[in-house]
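**Student:** Output the structure for:
(one chain, ligands or ions: 1)
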Amino acid sequence: MTIEHFFSQLRFVLVDTSHPGNVGAAARAIKTMGFGQLYLVNPRYDNVLSHPDAIAFASGAQDVLERACVVRTIEEALTGCQFVAAVSARLREFSPPVIDARAFGKRLVADSQQKSALVFGSERYGLPNQIVIDSHVLINIPTDATYSSLNLAQAIQILAYEARLAIMSAVALPNVPDATISVGFRGESATSEQIDGMYDHLEQALTHVGFLDADNPKKLMPRLKRMFSRTQLEVEEVNIMRGIARKILGLKN
Ligand code: SAH
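**Tutor:** This next block holds a predicted model:
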């Protein structure tokens, strides 16, 4: 299963959107998180995708705007979707089960064969009750009780971010071995002061043998730091590296 597959399984549906700027900002929010499918149901302006505000707010996400679909009904926007989540600032008396954005992300990756949709309401009125009732779940972003209404594109950003995190942890992370599991035994972890001391020592040693040119160090130390930072250094290991540095520094030029 490729990571692209997961990103292609989710579409963002905006119902009755008024402000072209929000449509542009939505395209940007979606694209930054790796998604690309935007559907607009009955936007206030028919030409919203080419509206100057939409283009300005999309910034570098013009391609998502260009590929967006403008449709007349919610049914058209949801064609082919097996799982539909209504996203609303308000909880309703008649409502499908309420879940949070994180649970939605888990659901998205749990069944990777399903196409899902997140449906957002208009700036002024939110989502019509009927769309909420017809959805499989309702997602509410917990906010301050006295002011619960996020800007439309910001709500989209939060959902897109959570969906991205869920995809990354389902697809990307299993390939990164967990050092604490794979080594079986762990010694005492080195502190950041101990590790910094090791870097200083190493830098002196590498300079001493002429591997590091102090006048032209390039990116040697940052690269070594990057390498070591992936290893979860232990005290014993820091001591070994310092022992090697000490030995090198003891060498005659
Ligand atoms: N006045 C509207 C708010 C609309 S905000 C109302 O009372 O519902 C535009 C859209 O952004 C909403 O329809 C919803 O999809 C999303 N949104 C805004 N705040 C949200 C929140 N706290 N939780 C979930 N979605 C939210």
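**Student:** S149: what's it in contact with?
**Tutor:** For S149, the contact set (CB atoms under 8 Å, 6 or more residues apart in numbering) comprises 89, 143. Glycine gets a C-beta too; all of them are placed from N, C-alpha and C.
**Student:** 6 Å instead, please
**Tutor:** A89 (CB atoms under 6 Å, 6 or more residues apart in numbering).
**Student:** Any part of the helix or strand where L40 lies near the ligand?
**Tutor:** Assigned by DSSP states H and E, L40 belongs to strand 38-41. No. Strand 38-41 lies out of reach of the ligand by CB under 6 Å from any ligand atom, never closer than 12.2 Å.
**Student:** ok, and what's touching that strand?
**Tutor:** 11-15, 27, 30, 64, 68-71, 74, 77.
**Student:** Which members of the residues you listed are positioned in strands?
**Tutor:** Here DSSP state E is the test, and the contacts of strand 38-41 give 11-15, 69-71 as lying in strands.
**Student:** Surely L127 and V87 touch.
**Tutor:** No. Counting by CB atoms under 6 Å, L127 does not reach V87; the two are 7.6 Å apart.
**Student:** between those two, who's got more neighbours?
**Tutor:** Using other CB atoms under 10 Å, the more surrounded residue of L127 and V87 is V87, with 27 against 22.
**Student:** Next up, the contacts around that one.
**Tutor:** Residues near V87 by CB under 6 Å, 6+ apart: 118, 120, 139.
**Student:** circling back to that earlier point, of the ones in strands among the contacts of strand 38-41, which count as buried by neighbour count?
**Tutor:** Buried members of the ones in strands among the contacts of strand 38-41, scored by 16 or more other CB atoms under 10 Å, are 11-15, 70-71.
**Student:** Could you break the chain into its assigned domains?
**Tutor:** 3-172, 192-249 (automatic domain parsing).
**Student:** what's the span of the last one, first residue to last?
**Tutor:** Think domain 192-249. For domain 192-249, the first-to-last residue distance is 23 Å (CA to CA, to the nearest Å).
**Student:** what do you get for stretch 213-233?
**Tutor:** End residues of stretch 213-233 are separated by 26 Å (CA to CA).
**Student:** State the number of residues packed around V171.
**Tutor:** 18.
**Student:** pLDDT score assigned to it?
**Tutor:** V171 is assigned 81 on the pLDDT scale.
**Student:** Assign it to helix, strand or coil.
**Tutor:** Secondary structure, DSSP: H, G, I helix; E, B strand; the rest coil: V171 is helix.
**Student:** burial measure for whatever residue of the stretch 151-253 of the chain ends up closest to the ligand, as a count.
**Tutor:** Nearest to the ligand, among the residues of the stretch 151-253 of the chain, is A155, at 3.5 Å (CB to the nearest ligand atom). The tally of other residues near A155 (other CB under 10 Å) stands at 23.
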